[in-house]
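*Asks:* based on what follows, work out the 3D shape:
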Amino acid sequence: METLIILLFSLALILLIISFFGKDKVAKLEEDLEQMTLTYMQDIYQLKKKVKILEEEFVIQDDPVPPVKDKSTVTSNDIEPIHDILKSQVLSLYSQGLTLDQIARQSSLTKEQTLSVIEQQRLRGE
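*Replies:* Numbering: from 1, shown residues only. Okay, the predicted model is just below:
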C-alpha cells in the first residue's frame, strides 16, 4: 500500500513537471489570433489609404483645375461667374469690416471681383 501511494505521488509529481515544460496550446492559439488580428488591421489600414487616394483622384477628375490666365490678358468676357458661396463669404467679410485687399486674399478673388460682388449687393439692397 505504501508503495502504491509513493508510486502515485511520484507519477503526479512527474506529470506536474511535464505540464510546466510542455507547450501551452492555448497560448500559441492566442498568439496566432493576435498576429492575425494585427495583419487584418494593417490590411484594413492599407485599403482605407487606397480608397482615400482613389476618392481624391475621383474628385480631382470631376473638377478639373482651369488653366491659370495672366491677369493682364483677362477681359470682361473671360471672367467666370462667381459662386454664391464665395459671394456670401465676401459679403460676410465685408460686413466684418475687412479691407478689399484682405477680402480678396481670403476669398481668392481679384480686388475687382470683390468690389463687383459688394456693388451688386448694394444695388440689390437699394
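
*Asks:* so where do the helices sit in the chain?
*Replies:* Counting by DSSP state H, the chain forms helices over residues 2-21, 25-62, 84-95, 100-107, 111-125, given from the N-terminal end onward.

*Asks:* JSON lines for the ones you listed, including mean neighbour count and mean pLDDT?
*Replies:* C-beta: built from backbone N, CA, C; applies to glycine. Compiled in JSON lines, the helices of the chain are given as follows (neighbours: other Cβ atoms under 10 Å; pLDDT from 0 to 100):
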{"stretch": "helix 2-21", "mean neighbour count": "9", "mean pLDDT": "91"}
{"stretch": "helix 25-62", "mean neighbour count": "10", "mean pLDDT": "88"}
{"stretch": "helix 84-95", "mean neighbour count": "15", "mean pLDDT": "87"}
{"stretch": "helix 100-107", "mean neighbour count": "16", "mean pLDDT": "87"}
{"stretch": "helix 111-125", "mean neighbour count": "14", "mean pLDDT": "86"}
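
*Asks:* residue 39 and residue 8, how far apart?
*Replies:* Using Cβ to Cβ, to the nearest Å, residue 39 is found at 47 Å from residue 8.

*Asks:* scratch that, residue 31 is what I was asking about
*Replies:* With distances defined as Cβ to Cβ, the gap from residue 31 to residue 8 amounts to 35 Å.

*Asks:* ok, residue 94 - contacts?
*Replies:* With contact set as Cβ atoms under 8 Å, 6 or more residues apart in numbering, residue 94 has these partners: 103, 118.

*Asks:* try it again at 10 Å.
*Replies:* In this structure, residue 94 makes contact with 100, 102, 103, 114, 115, 117, 118, 121, judged by Cβ atoms under 10 Å, 6 or more residues apart in numbering.

*Asks:* what's the spacing between it and residue 13?
*Replies:* 91 Å.

*Asks:* cool, residue 88 as well?
*Replies:* Separation of residue 88 from residue 13 (Cβ to Cβ) stands at 85 Å.
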